[in-house]
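S.K.: got a structure for you, letters missing:
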């Protein structure tokens, strides 16, 4: 008879298990057992023999792997998905995005974020890092949806539609840190917007606050050459050097974009153990440039992947983002061996977790880690035949191929059906918000 | 009472109709009526009032548009999907693709092509242009599947696993032309592989044959800088110039890739009305380079889109290809206004039809054209809200969002269910082929 301790809440079996752990463990046929919020066993077919569970999920020959980690997005910008495209950056921002954002409310941010959570769960993302306004509403939405999230209120020099002057922004951030500190899903980061919208004092205060509470510091950094020019003119150095001078670089810093960084800056990022979030589709669509990801990786910098917001992508599908990342760096370097499938898969999983300081919680299937698990269905014409799972996951799978998503031990989506929220209601709410945005003339 | 002539076989209604015709007609709510193989009416809500039909299809608020046109693929290479990735081009070709292709049979090509047709129909592609070995099997597969296709046996200087010496390849091609000349779905092209695998005489013979029968001539052209170097060394000029010297350029020529073309070559392409097939994802994955699409378009060259084969993409999703095309040229030029959504949508539809010489048959919803129509479902979290249909189709929709595909007046897929073939059987056939390929050690 099976022993009590080998009875779990969930047993996911009959699939190829890609652990994405540092040892790159892989089981052609295997299973994962979950007890409560945590993974209690992972391995080959013996797991199915040894374990029973209240709920047994058949992966049907699909791939069982950790959920993907979106290291940079603005979830509530689903409300502005496709509102304005194909425009010069400044016209896009000033004529469309900023005016639409001026009319934001906590309710709109909540609805937009809930829609983003639905999209992410349906496409296999189990954790995201967000920067936006009214961020506590993002946290509430993620919590309601059951998603793991790192959230942070955007801080900048000018008054915010949420909190007004930046001192209040710091207070809002501290309150969020205290409110969510014992939550198993939500953690809070300090998030100054960028070196070009934040004075040195703001950046340093933000950095001190993040270190005081031991939370991540998240910033947009070196997104474009014009940002580099602006910072050089103002401070006499490049953006990463500027943060180094301010002693803001560090292992708790997640620098999003890093498109325009030179070798000296790559060295600074590496020496300080600063993490990078790479957002290829947004960088392409806004014509920001191509981040030197192969050089960052070669230098040993931790690089995760992000979709950025839905107004510059225009979806939150990290499978598509992995595909783009892999291909973009091959063509930009004219070397087809770079950013190979395994490397990009790690960026989408364990490296993403490291980028958020969550490597003990998620990013791989390992005993004791949070049960953030997805099943990718492989029984589809565009995924036949399968020689190498890693290749398919990067070059052929799309978010819509994810069959089942489990986060923190909760089955949130099964056989493409969201179990955790009323999808029709959420879609209707955002359609209504869009009607108002449209009637405002943005 | 409604008149007899306003009764059709199919009426697709209750969707946004994007005609993709030269006038860019668009109906926020509209319908398309089909009689036999042809479109007999297209317009706003009045079409639903005026028309009855044996079969009424509710688009449920989705987008009704012409099917996408894949101007360059090797359908049967689905058999090699993900067989080898992330390798230098020559190792990929010589160690993996060529050995696997040496073991091809008409049966394998048929099965692989049928799987490709399934994938294409499911992702909204209604017409494709193919180049491969045992091409009559591709034609038979497309015909069986109900897809529109331009097919051509690949011709080169060395002996082919299909026909042996090239003279037999020309005979095989002529037989195909005669066999399929009155078919409503299949047409045949003459397809010399490339200037680097085809001697000048072969290219000229191919060109004469194509002109004799009034069929397209399809070739790989200027795919990489190394091809340019090779042709320069051999013939003292660049590839497009080489074809100009041989009088092979012309309005019936479809040149695939055109990655490495300079201003003089762009002028030659334009002056000769040569068409171009742009394959961004394959060019990225193989690190071939970035075709100068914005300059080709500015010069007035007709540019369609292609996925290339499944071993260098690794899927046949043209929606994803449109997204990549739009983004790639923005970032490579650092101009976000280029290759905008409308331009890329035209490349995926009417310009693709022009590239194949099928602009009177397909590529747009116009009365008298073939009824190649797809419905894209919009009622999904990643497509909410919708401000501009064109934006969604390029930047957010994926092939899996296509609900219904009609080709030549036949409903081949409805509500994501293939009606035209036994999908399980086809997938199993290709799985078996892959087993043999794997056991051959490729």
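M.R.: Yep, it's here. Here the structure is a predicted model, which is why all the values come from computation and not from measurement.
S.K.: for residue A:64, helix, strand, or coil?
M.R.: State at residue A:64, reduced to three classes by DSSP: H, G, I helix; E, B strand; the rest coil: strand.
S.K.: what of residue A:282?
M.R.: helix.
S.K.: which residues sit in contact with it?
M.R.: For residue A:282, the contact set (CB atoms under 8 Å, 6 or more residues apart in numbering or on different chains) comprises A:288, A:306-309, A:312-313. From N, CA and C alone the C-beta is placed, and that goes for glycine too.
S.K.: measure it to residue A:131 for me?
M.R.: Computed with CB to CB, to the nearest Å, the distance linking residue A:282 and residue A:131 is 13 Å.
S.K.: swap in residue A:416?
M.R.: 29 Å.
S.K.: more neighbours: which of the two?
M.R.: More crowded of residue A:416 and residue A:131, by other CB atoms under 10 Å in any protein chain shown: residue A:131, with 27 against 13.
S.K.: per-residue pLDDT of the more buried one, please?
M.R.: According to the prediction, residue A:131 has pLDDT 98.
S.K.: for it, which three-state class applies?
M.R.: Applying three-state DSSP: residue A:131 is strand.
S.K.: which parts of the stretch 151-300 of chain A sit against chain B?
M.R.: A:281, A:283-290 (CB under 8 Å from any CB of the partner chain).
S.K.: domain-wise, how is chain A divided?
M.R.: A:4-66+A:372-418, A:68-355 (automatic domain parsing).
S.K.: which parts of the stretch 151-300 of chain A are strands?
M.R.: Along the stretch 151-300 of chain A, counting by DSSP state E, counting those that start in this stretch, strands occupy A:186-188, A:191-192, A:217-221, A:253-257, A:275-278.
S.K.: got those strands as CSV, with mean pLDDT and mean neighbour count columns?
M.R.: Shown next, in CSV, are the strands of the stretch 151-300 of chain A (pLDDT from 0 to 100; neighbours: other CB atoms under 10 Å in any protein chain shown):
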stretch, mean pLDDT, mean neighbour count
strand A:186-188, 98, 24
strand A:191-192, 98, 30
strand A:217-221, 98, 28
strand A:253-257, 98, 27
strand A:275-278, 98, 30
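S.K.: what does the residue nearest the centre of chain A show for phi and psi?
M.R.: What sits nearest the mean C-alpha location of chain A, by CA atoms, centre = their mean, is residue A:70, with 1.4 Å. Dihedral angles of residue A:70 (phi, psi; degrees, to the nearest 10) stand at phi -90, psi 100.
S.K.: find the nearest non-adjacent residue to it, please.
M.R.: Spatial nearest neighbour of residue A:70, chain neighbours left out: residue A:128 (4.1 Å); criterion: CB to CB, 6 or more residues apart in numbering or on different chains.
S.K.: and if you look at residue A:248?
M.R.: Among residues not flanking residue A:248 along the chain, residue A:207 sits closest, at 4.5 Å (CB to CB, 6+ apart).
S.K.: the one you found reaches residue A:249, doesn't it?
M.R.: No. Judged on CB atoms under 8 Å, residue A:207 makes no contact with residue A:249 at a distance of 9.1 Å.
S.K.: setting aside sequence neighbours, what's the nearest residue to residue A:111?
M.R.: residue A:429 (4.2 Å).
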